[in-house]
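A.B. asks: next input, structure requested:
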Amino acid sequence: MMRANGEDSAMPSGAFQKSVRHLYEGATPDGVRFRYGLLAFDIVTVLFIIATSFLPSNDITEALDIVFGVVIFADFAARLFASRHRLREFSRFSTWTDIVAIISFLAPLAGEAGGFLRILRTLRLLRDYQMLSRLRQDSTFFQRNEEVIFAVTNLAVFIFVMTAIVYETQKFRNPQIGNYADALYFTVTALTTTGFGDITLPGTTGRMITVVIMIFGVTLFFNLARALLSPSKVRFSCPACGLQRHDSDAVHCKACGKLLNIPDEGLT
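C.D. replies: Below is the predicted model:
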């Protein structure tokens, strides 16, 4: 009898977990709409992070910080609750970026230091497999510009993270870095190797930060240029070897020579 009661009490929890998992992983219209809603919220969050990083703190932004933090925490808890392998979730970089974002929104102990670190949450925008699969099905624009979108996202995240590092390491010792705008200006000029020289980072630490910005930033910038200038590709899995990316007018797979049947978007 006790076992039966235990099973009955466990049923609602199991059903609720199944419902939450359905929202995050299901292919039904409700699940798709829910994940698009999360994508829209993530984009709004990133825009809010960027905008408020340049503004002085006030009651309105602090209240919005709490709102965003609570929603992100609820999303994080729901993902963890629905996960089939909860411990494995903590091996993912996106999990830790969410934790950083939650702490910086709800407990801004580091003051402005946490502001730009929240930009790491951008990585979640285009790292969710279910969301990527849906965008590839629903958006012709995403299909045609997937590599460019990834390149822009990676470059933007790098710029804002390095801006945070520049600001936090220089604001007390370098009079040329007085705010985030100064740090962002230096990061962009170093990344593009323009080097106007009006702002520099003195000392060994400053020089090493500059080297990191130039090496990795230029690499990401060239990846963006390559994505913009290279011929567009379509995503279509070769039935023989599984190659995913092909020229839009490809008839045969470059890897194995298999005859392809890539759908023509111009035909109905």
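A.B. asks: please name every helix or strand in contact with whichever strand or helix holds Ala51.
C.D. replies: Mapping Ala51 onto the secondary structure by DSSP states H and E places it in helix 29-52. Contact analysis of helix 29-52 by 3 or more CB pairs under 8 Å, 6 or more residues apart in numbering; DSSP states H and E lists helix 2-25, helix 59-82, helix 113-117, helix 122-125, helix 129-138 as its packing neighbours. For the C-beta atoms, the positions are set from N, CA and C on the backbone; glycine is no exception.
A.B. asks: how does it look with 7 Å?
C.D. replies: For helix 29-52, the elements it packs on are helix 2-25, helix 59-82, helix 122-125, helix 129-138, judged by 3 or more CB pairs under 7 Å, 6 or more residues apart in numbering; DSSP states H and E.
A.B. asks: how far is that helix from where the chain is centred?
C.D. replies: Once both centres are worked out by CA atoms, centre = their mean, to the nearest Å, helix 29-52 turns out to sit 11 Å from its chain's centre.
A.B. asks: okay, now the unreliable bits of the chain?
C.D. replies: Across the chain, residues meeting the criterion (pLDDT under 70) sit at 1-13, 53, 108-133, 231-232, 248, 264-268.
A.B. asks: tell me the buried residues in the lengthiest helix in it?
C.D. replies: Taking DSSP state H as the criterion, the chain has its longest helix at helix 140-170. Within helix 140-170, the residues that qualify as buried by neighbour count (16 or more other CB atoms under 10 Å) are 142-170.
A.B. asks: again, but for stretch 50-68
C.D. replies: Quick answer for stretch 50-68 (16+ other CB under 10 Å): 50, 52-53, 65, 68.
A.B. asks: go on, stretch 176-187?
C.D. replies: Of the residues in stretch 176-187, those scored as buried under the neighbour-count criterion (16+ other CB under 10 Å) are 177, 180, 182-187.
A.B. asks: do stretch 186-193 as well
C.D. replies: Counting neighbours by 16+ other CB under 10 Å, stretch 186-193 gives 186-187, 189-191 as buried.
A.B. asks: and Ala227, what does it touch?
C.D. replies: For Ala227, the contacting residues are 147-148, 151, by CB atoms under 7 Å, 6 or more residues apart in numbering.
A.B. asks: format those as a markdown table; extra columns: distance to Val212.
C.D. replies: Rendered in a markdown table, the data for these read as follows (distance: CB to CB, whole Å):
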| residue | distance to Val212 |
| --- | --- |
| Glu147 | 24 |
| Val148 | 24 |
| Ala151 | 19 |
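A.B. asks: and which of these is nearest Thr97?
C.D. replies: Using CB to CB, Ala151 is the member of those that sits closest to Thr97, with 19.2 Å.
A.B. asks: pretty sure that closest one sits against Ala225.
C.D. replies: No. Checked against CB atoms under 7 Å, the pair Ala151 and Ala225 is beyond contact range at 8.5 Å.
A.B. asks: thinking again about what came up before, which of the buried residues of stretch 176-187 fall within helices?
C.D. replies: 180, 182-187.
A.B. asks: distance to Phe93 added to the residues you listed, as TSV?
C.D. replies: Formatted as TSV, the entries for those read as follows, by distance: CB to CB, whole Å:
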residue	distance to Phe93
Tyr180	24
Asp182	29
Ala183	24
Leu184	24
Tyr185	28
Phe186	26
Thr187	22
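A.B. asks: I'm done for today, thanks for sticking with me.
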